[in-house]
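>>> fold the following, please.
(chains A and B)
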Amino acid sequence: SQQGEEDPQALSIQEGENATMNCSYKTSINNLQWYRQNSGRGLVHLILIRSNEREKHSGRLRVTLDTSKKSSSLLITASRAADTASYFCATTGSGYALNFGKGTSLLVTP
Amino acid sequence: EAGVTQFPSHSVIEKGQTVTLRCDPISGHDNLYWYRRVMGKEIKFLLHFVKESKQDESGMPNNRFLAERTGGTYSTLKVQPAELEDSGVYFCASSHYQETQYFGPGTRLLVL
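All right, here's what the predicted structure looks like:
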């Protein structure tokens, strides 16, 4: 299975702090994506990083990928209360199916 | 541009009944996917359509689940007969190519 595993399972920080979430997977991938899910809502795509890329930025988001360690990290800088959500990493291999982890629950308090 | 839409948003049925979920992908997206998340578990892939053809249905749990995509537009996922373990959130997603998949809000299914 290429299933992603996020770490930590839950993270609580204050507004303005940075939040870092990690994801590990088991087999070779084509790309890795991060999604956010606000409570009771759908999944929102955040960022995609391909297997030949090492780092990508999008606004306050920074994603790194280390294929030798089969791991990725998502950094959210200067967090806001609105960033409170569950964050999932998902990988694809040769096919199109996304393989999700269980997610990290982030709580940002004012 | 409208996003992926799903109907209904919630469904409560009794064991043994039939439920049909609908997904309308983003216009122009040939690829359509179904996923589900049962309580406490990861989001799991069910199947993938390319236009009206099933490209990968390796995640379908059993023959009580039937997915169709008539004309390569919207898709339906029918569960017949529903069992208690089918309860969960069913997500639909669509994509243009093999990259970013855009998800709908999900259908919350509760089987009593």
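
>>> now do the SS call for B:Glu85.
Put simply, B:Glu85 is helix when judged by DSSP: H, G, I helix; E, B strand; the rest coil.

>>> isn't it up against B:Val38?
Yes. The pair B:Glu85 / B:Val38 is scored as a contact, 7.1 Å apart, by Cβ atoms under 8 Å. Just so you know, the C-beta spots here come from the backbone N, C-alpha and C atoms, and that holds for glycine as well.

>>> among those two, which residue is more densely surrounded?
B:Val38 (16 against 11; other Cβ atoms under 10 Å in any protein chain shown).

>>> surely the more buried one is in contact with B:Gly88?
Yes. Judged on Cβ under 8 Å, B:Val38 makes contact with B:Gly88 at a distance of 3.8 Å.

>>> buried ones in stretch B:32-50?
The neighbour-count check on stretch B:32-50 (16 or more other Cβ atoms under 10 Å in any protein chain shown) flags B:32-38, B:42-49 as buried.

>>> give me the element the most centrally placed residue in chain B is part of.
Central residue of chain B (Cα atoms, centre = their mean): B:Trp34, 3.6 Å from the mean position. Using DSSP states H and E, B:Trp34 sits within strand B:31-37.

>>> for that strand, C-alpha coordinates in CSV please.
Extracted C-alpha coordinates of strand B:31-37, given in CSV (Å, rounded to 0.1, in the frame of the first residue of the first chain):
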residue,chain,number,x,y,z
ASN,B,31,-11.9,11.8,-15.0
LEU,B,32,-14.4,11.2,-12.2
TYR,B,33,-13.7,9.4,-8.9
TRP,B,34,-15.6,8.0,-6.0
TYR,B,35,-14.1,7.7,-2.5
ARG,B,36,-15.6,7.0,0.9
ARG,B,37,-14.6,7.5,4.5
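
>>> which outside residues touch it?
Contacting residues not belonging to strand B:31-37 are listed as A:96-98, A:100, B:23, B:25, B:43-50, B:55, B:59, B:67, B:69, B:75, B:77, B:88-98, B:101, B:103 [Cβ atoms under 8 Å, 6 or more residues apart in numbering or on different chains].

>>> what of stretch A:60-69?
A:24, A:28-29, A:32, A:34, A:46-47, A:49, A:51, A:53-57, A:71-79.

>>> now the buried members of those residues.
For these, buried by 16+ other Cβ under 10 Å: A:24, A:29, A:32, A:34, A:46-47, A:49, A:71-74, A:76, A:79.

>>> low pLDDT regions in the chain?
No chain specified, so I'll use chain A. A:1-4 (pLDDT under 70).

>>> right idea, wrong chain: chain B
Filtered on pLDDT under 70, chain B yields the residue ranges B:1.
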